[in-house]
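[1] Please work out how this folds:
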Amino acid sequence: MGSAVLLGACASDPASNDPIEGVNRGVFAVNKAVDTVVVRPVAWTYREVMPDPFKDRLRDFLNNLKTPVVLANDLMQGNMDRAGVTFERFWINSILGLGGLIDIASSIGIPRHSEDFGQTLASWGVGEGPYLVLPLLGPSNPRDAVGLVVDYALDPLTWILPAGNNQELGYARLGTDIIDTRSRLIKVTDDLEKNSVDYYATMRSLYRQRRAAEISNGKAPMPTGMERGPAYPGQKTDE
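    I've put the predicted structure just below:
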């Protein structure tokens, strides 16, 4: 097993920037198994059973909770215009949108955008580093992996929810976000897997394209079908 992993890594195409491809493919396979056995069935049931208005309100609420992290990254990138939009959206949706349950801001022409610390590091000139597949979290790289940790620390709810029994609310929020995001990607990922000669390589390419589009704030094209987020739980979505 170890020899196969090493051979896979050595055989990796340098152009793919995936020097530990053998290891990454192993993690990818485990992630896919967890998704197949647990995450996808739950997400499919959620998609089929829950009414669309309920799912939309839940998604709006979850997106509103992420606003402080988006705002922090807008500010760290020195983008005052986008920071102003994020701040305005937060107060409009929190007050007029019943705590964020309704995205009033988008309906009046103030669209949502997403920022994370991985994007902030990129704006500071930090390179992505080699491609990585993280356990359960999926496609990433060292820069974005650091970004996940920093965004977690930047989220005010990280420090509020662990107090007492509130920690369970944090787990509920994460689980709901994972299932909702996955439910919106079922058709896309099913089609990708069905039509890909190498599903792993396809996901690697799409992840990089999507991150390039996010980092450029939409100047680079977003891969078709990936507008709603990556195929793995734990990663953010722009829906």
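
[2] which residue ranges form the strands in this protein?
    132-134, 138-140 (DSSP state E).

[3] where does the residue nearest to residue 123 when sequence neighbours are not counted land on pLDDT?
    The shortest distance from residue 123 to any non-neighbouring residue, by CB to CB, 6 or more residues apart in numbering, is to residue 77 (4.7 Å). Placement of C-beta: from N, CA and C, glycine included. Listed pLDDT for residue 77 reads 97.

[4] Next: residue 11.
    So, for residue 11, pLDDT stands at 45.

[5] returning to what we had before: deepest-packed of the strands of the chain, please.
    strand 138-140 (a mean of 24; mean count of other CB atoms under 10 Å).

[6] Residue 131 touches residue 24, doesn't it?
    Yes. Using CB atoms under 8 Å, residue 131 is in contact with residue 24, at 6.7 Å.

[7] out of those two, which sits in the more crowded spot?
    Neighbours per residue, other CB atoms under 10 Å: of residue 131 and residue 24, the larger number sits with residue 24, 24 against 21.

[8] ok, the closest residue to the more buried one other than its chain neighbours - contacts?
    Sequence neighbours aside, residue 133 is the residue nearest to residue 24 in space, at 4.2 Å (criterion: CB to CB, 6+ apart). Residue 133 sits next to 24-25, 27-28, 31, 139-140 when contact means CB atoms under 8 Å, 6 or more residues apart in numbering.

[9] Point out where the protein drops to low pLDDT.
    Applying pLDDT under 70 to the chain flags residues 1-15, 162-166, 220-239.

[10] Helices of that one, residue ranges please.
    Along the chain, the stretches classed as helices by DSSP state H are 2-10, 21-34, 40-49, 52-65, 67-76, 80-95, 104-107, 117-123, 142-154, 156-160, 167-183, 186-195, 199-215.

[11] picking that back up, list residues touching both of residue 131 and residue 24?
    In contact with both residue 131 and residue 24: residue 18, using CB under 8 Å, 6+ apart.

[12] With distance to residue 185 added, can I get the strands of the chain in a markdown table?
    Formatted as a markdown table, these follow (distance: least, CB to CB, whole Å):
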| stretch | distance to residue 185 |
| --- | --- |
| strand 132-134 | 17 |
| strand 138-140 | 11 |
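
[13] closest one to residue 116 among those?
    strand 138-140 (11.5 Å; CB to CB).

[14] one step back: closest to residue 90 out of the contacts of residue 133?
    Nearest member of the contacts of residue 133 to residue 90, counting by CB to CB, is residue 140, at 27.2 Å.

[15] I'd say the closest one and residue 129 touch.
    No. The criterion here is CB under 8 Å, and residue 140 misses it with residue 129 at 9.7 Å.

[16] Give me the nearest residue to residue 122, chain neighbours excluded.
    residue 215 (4.5 Å).

[17] That neighbour and residue 121 touch, don't they?
    No. Look at residue 215 against residue 121 with CB under 8 Å: they stay out of range, at 9.5 Å.

[18] More neighbours: those two, which one.
    residue 121 (22 against 19).

[19] Tell me which residues touch the more buried one, please.
    So residue 121 contacts 143, 146-147 (CB under 8 Å, 6+ apart).

[20] I'd like those as a markdown table, with distance to residue 174 and neighbour count appended.
    Converted to a markdown table, the contacts of residue 121 look like this (distance: CB to CB, whole Å; neighbours: other CB atoms under 10 Å):
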| residue | distance to residue 174 | neighbour count |
| --- | --- | --- |
| 143 | 22 | 19 |
| 146 | 19 | 16 |
| 147 | 17 | 22 |
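
[21] Stretch 71-78: how far from the chain's middle?
    18 Å (CA atoms, centre = their mean, to the nearest Å).
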